[in-house]
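Participant: Okay, predicted coordinates and the sequence, questions at the end:
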Amino acid sequence: MSNGTFEPRLVGFLCNWCSYTGADLAGTARMIYAPNVRIIRVMCSGRVDPQFVLKAFKEGADGVLISGCHPGDCHYKEGNYKALRRYKLLLKMLDQFGIEKERFRLEWVSAAEGVKFQHVCNEFTEQVRKLGPLYLSKNGGKHEQREA
Amino acid sequence: MSNAKPKVAFYWCSSCGGCEESIVDLAEDILKVVAAVDIVFWPVALDFKKKDVEAMPDGSIAVSFINGAVRLSEQEEMVKLLRRKSQLVVAHGACSHLGGIPGLGNFWNKETIFRRAYHTTPSTQNPDKIVPLEKTVLDGKELTLPRFFDTVYALNQVIDVDYYLPGCAPPRDLILSAVGAILEGKLPAKGAVLSPNKSLCDDCDRNDSKPEKLVIKEIKRPWEIMLDPEKCFLAQGVICMGPATRTGCNERCIEANMPCRGCFGPTDQVHDQGAKFLSALASILDTNDEKEIDKIVQSISDPAGTFYRFSLPTSILQRRRMEAIK
Amino acid sequence: MVNLTIDGKKVQIEEGKTILQAAAKCEIKIPTLCYHPVVEAYGACRVCMVEVTVRGKTDLVTACNTKVQEGLDVQTGSERVLKARRLNVEMLMARAPAAEPVQELAKALGIEKTRFEIKDPQEKCILCGLCVRACETIVGASAISFIERGTERKVMPPFGEPSEACIGCTACAYFCPTGAITYEDKYGRKVIHTELHLGPTTAIRVPIRQAVPMVPLIDTEACIHFKTGECKVCTKVCDREAINHDMQDETLEVEVGTIILASGFKPFDAKRIPAYGYGHFPNVITALEFERLVNASGPTGGKIKLADGTEPKAVGIIHCVGSRDENYNEYCSRVCCMYSLKFAHLIKEKTSADVYDFYIDMRCFGKGYEEFYHRLLHEGTKFIRGRVSDITDMAMTQREEGKLIIRVEDTLLGTVRRIPVDMVILATGLEPSIDHNQLAKIFNISCSQDTFFLERHPKLAPVSTFSDGIYLAGACQAPRDIPDTVAQAGGAAAEALALADKGTFALEPVTAEIDEDLCAGCQLCVNLCPFTAITYDKEKGISVVNDALCKGCGTCVAACPSGASHQKHFRDSQIFAEIEGIFVV
């Protein structure tokens, strides 16, 4: 947080072939967008294991973004569809864990869509900013930090 | 002490008693165990008190088998005591290993659980709205109850655990081989789960019945269809946690024509059994259409409870975030 | 072989030929009207009358359909022949006084006027029936025939109404010896085919002068044979018997190691900007149409002409049509400025017309381009900086009568101007080819925001794509001119060759691996692999990844419920560490 406004910490799992390049494009085109998304490159959105998403939330992410190729455009034919299926089920499950749906987002951003990446980052940041911090204590599971 | 037999303690925390039963279930084999060891503490069967344990020198117990999750401050106190007095601590059964069924309490907290248990259940009659308190003064005397934690913990989240005996409850073979290994000093590296590090499909008789293309079009619950006793449950559209669950249970549920519910927990490589199973299940759904996916997802009524039935406290998220509950 | 004599000349010719053919062989001309070599002769006009003597017997016959006989003696210009021919032509003159070939024939025979009654001085039809026979035997449509009788006889479709049998081939008009049949030259209806709509052409043709291979093709859409099954006139006239109507399109499967995509571009459809009136005003043409017009092998032989055949006195060239326009394409098409300058130069060279160039910016970026622009400035082309708002034919002054008026804001003068011209050339921009999206799907290539194919990296891999072994050349990647395309194509060819020559392929070292000791053989991963890289080893009871097939997406790794599978360089532990790492700060 700075100056009293909450700056969400977001994690973005970006497909190497589309969104990661799209983010690169946004950068080389000197687009200005919210710097809140911290990017982790994966070869395909299909590589994103739901464990990564949970881990990110646990480690302090206020929101998690998965971004892959548009349906039909997957570099590996249909990894993005697998990401979509996992996303849908995980979204439902996160709700049971008290993590709002708005904190978890799946987007299709192609390598050419620097502008879309910019929009997604800005929009997602604002969306999570409205929800406030997630406050999942980092080592909450350890005995030492158990409730007094 | 002249008796050279190693000392063994058993203790139960938040559990159903099934794990105690698993010891009794050793049947005549228990005599071999009794012959080989000296049981110094076993609240469910023998009349030892806490002070007896306190009186023992630190590290004098060879091994403590502790079952159940840690839910109360009393349990915390006892397991810490046993840890101090024991050379080895074995988490006995799914609850102490993973958090187990009591661990599902982590979808709630003390306040919501008490409200439900003492006020809103249909069978409750509590007009005075009495709830257990940690301290009560009665006739000028202070009475205390152990503290009820907001969160249920697996044993290793409270004390250092040497080995884990998985299962709800652990099967006989596993217990016997564990005891044997301890007596013979042939133990694996510290922290090991005393069961093979592969998933259940490895031993499952139904694994060969899997079709060439294992996909799920529709999720069914076991009572919705006549379960084929020979065919892989997933191939029948029934959620079976087997692929994401450690083997070693002798497929007791599968033999009874019921799908695996995951009591052995994940394999060593997996951090989060529920997330892994979710990923696998979603991957084999047979549709790319968003609406179809939504429909199937909708048909899984309680994903978190299903995928984390035994492992919620040791999962990555550990518990539900209560802030978002209205 | 048959031997005969024509006007004293001895001729030898195959049996079955006609006297007319024999005469043609010894270069003796016999006048004809209703004769055409591809239509069976009928002897209707009777101007080909000749006198034949065989075995002492003399007779008058029509040369076109009388077969040669051994020892035949033919007189084509005897007094008897001429007399009969004069009479026939006189009768034809009365029947069809407006038919020019008949008039010419009469003149040649010394006839000044006919002694018979003229019914209709405008009539051109001599009722020879060549058109009817052509329509029946060549076209196979039988859409026209003779109707009525005696003096009322005429050629018509049944009941004199438009016939559904007519396929619009215009063969009747083509065969008519006297020009009695005309057809409406409405665009797209009665014209077989047009070359960029600039002029009629034939159904069998060499597509362009630079065609490779340089052979004619049959346009099956326009060819009569493919409509009615008849005609095949081309096979009759081709001595080499090279024409084959049975050829079929073939799909060939070719195994290759690398692929270069050079699917090019399509010109922007100028009809999308209605304000410019393309398709409405015939003298508003696109750049490609002008290119054909000005080409020496084009329909006008390289002469710059308006639709009415006259030379323009003023020509406007509008730059950036469909380019640099947020309503259509935001990108600059790069080639238009330079070809527009070339057009201006050609118009100045070939005509005395005034040339106006309407530009936004002059983008003369290539070698020698700026110099060319300066040359044009000195040649007198008038450059007006501003985007043309519309083109109209509504004149406001006398000077504008009959002209196309270009309305434009001259941004250098700061005023709106109306420039009357005769011809407008639209410098249409470049767009990806029609099947661009299909190609992108087939080859799994991404497209950039401007919808052209996306290169792997703008600087480091400008001819490669995200699909290994597939390279890009030319305008399919971005609008570019010929020198740039040639250079890029060279680069793509070199890259493709380098890979093909090496014969081996370096895979990304990010493939998946299944740990034999951990895999339980649950087989959930097997079907997830889109490249069928995972197989189930029944004997070992585990799933196995084929390294050569695995492309390293990691989908199976994410799905492996027992964590037995991992992706090299993207292991769970590495990504977990990354997640932890990004929250350190």
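Facilitator: Sure thing, it's come through. Numbers count the residues shown, from 1 in each chain, chains lettered A, B, ... in the order given.

Participant: Next up, the contacts around the most centrally placed residue in chain A.
Facilitator: Against the mean C-alpha coordinate of chain A, by C-alpha atoms, centre = their mean, the closest residue is A:Leu65 at 1.6 Å. Listed by C-beta atoms under 8 Å, 6 or more residues apart in numbering or on different chains, the contact set of A:Leu65 reads A:10-13, A:37, A:105-107, A:120, A:124. C-betas here are computed from N, CA, C, even on glycine.

Participant: Among these, which lie within strands?
Facilitator: A:10-13, A:37, A:105-107 (DSSP state E).

Participant: any weak-confidence spans in chain B?
Facilitator: Across chain B, the ranges flagged by pLDDT under 70 are B:1-3, B:324-326.

Participant: if we go to 80?
Facilitator: B:1-4, B:323-326 (pLDDT under 80).

Participant: Do a quick rundown of the strands in the chain.
Facilitator: Just so you know, I chose chain A. A:10-15, A:37-42, A:63-68, A:104-108.

Participant: try chain B instead
Facilitator: So, for chain B - with DSSP E - the strands run B:7-12, B:38-41, B:61-67, B:70-72, B:86-92, B:135-138, B:141-144, B:148-153, B:163-165.

Participant: will you turn the ones you listed into CSV that also has mean neighbour count and distance to chain C?
Facilitator: Below are those laid out as CSV (neighbours: other C-beta atoms under 10 Å in any protein chain shown; distance: least, C-beta to the nearest C-beta, whole Å):
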stretch, mean neighbour count, distance to chain C
strand B:7-12, 23, 30
strand B:38-41, 18, 36
strand B:61-67, 26, 25
strand B:70-72, 25, 26
strand B:86-92, 25, 21
strand B:135-138, 9, 40
strand B:141-144, 9, 40
strand B:148-153, 22, 22
strand B:163-165, 26, 17
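
Participant: Contacts only, for residue 50.
Facilitator: This is for chain A. A:86, A:90, B:272, B:275-276, B:278-279, C:558.

Participant: look at chain B instead
Facilitator: Taking C-beta under 8 Å, 6+ apart, one finds B:78, B:81 in contact with B:Lys50.

Participant: now do C:Cys519
Facilitator: B:198, C:542-543, C:562, C:564-565.

Participant: change it to 6 Å
Facilitator: Neighbouring residues of C:Cys519 by C-beta atoms under 6 Å, 6 or more residues apart in numbering or on different chains: C:542-543, C:564.

Participant: confidence score at C:Ala506?
Facilitator: C:Ala506 carries a pLDDT value of 80.

Participant: And it, how far from chain A?
Facilitator: 16 Å (C-beta to the nearest C-beta, to the nearest Å).

Participant: In three-state terms, label that residue for me.
Facilitator: Taken by DSSP: H, G, I helix; E, B strand; the rest coil, the conformation at C:Ala506 corresponds to coil.

Participant: Would you mind measuring from the closest residue to chain C within the stretch 151-300 of chain B to C:Ala478?
Facilitator: Proximity of the stretch 151-300 of chain B to chain C (C-beta to the nearest C-beta) peaks at B:Gln269, 3.0 Å away. According to C-beta to C-beta, to the nearest Å, B:Gln269 stands 47 Å off from C:Ala478.

Participant: Then B:Ser14?
Facilitator: On the measure of C-beta to C-beta, B:Ser14 and C:Ala478 end up 67 Å apart.

Participant: Spell out which parts of chain A neighbour chain B.
Facilitator: Chain A has residues A:49-51, A:54-55, A:58, A:81-82, A:85-86, A:88-89, A:92-93, A:96-98, A:100, A:141, A:143, A:147 near chain B, with proximity defined as C-beta under 6 Å from any C-beta of the partner chain.

Participant: quick one, helices of the stretch 301-450 of chain C?
Facilitator: Taking DSSP state H, counting those that start in this stretch to define them, one finds helices in the stretch 301-450 of chain C at C:336-350, C:369-379, C:436-443.
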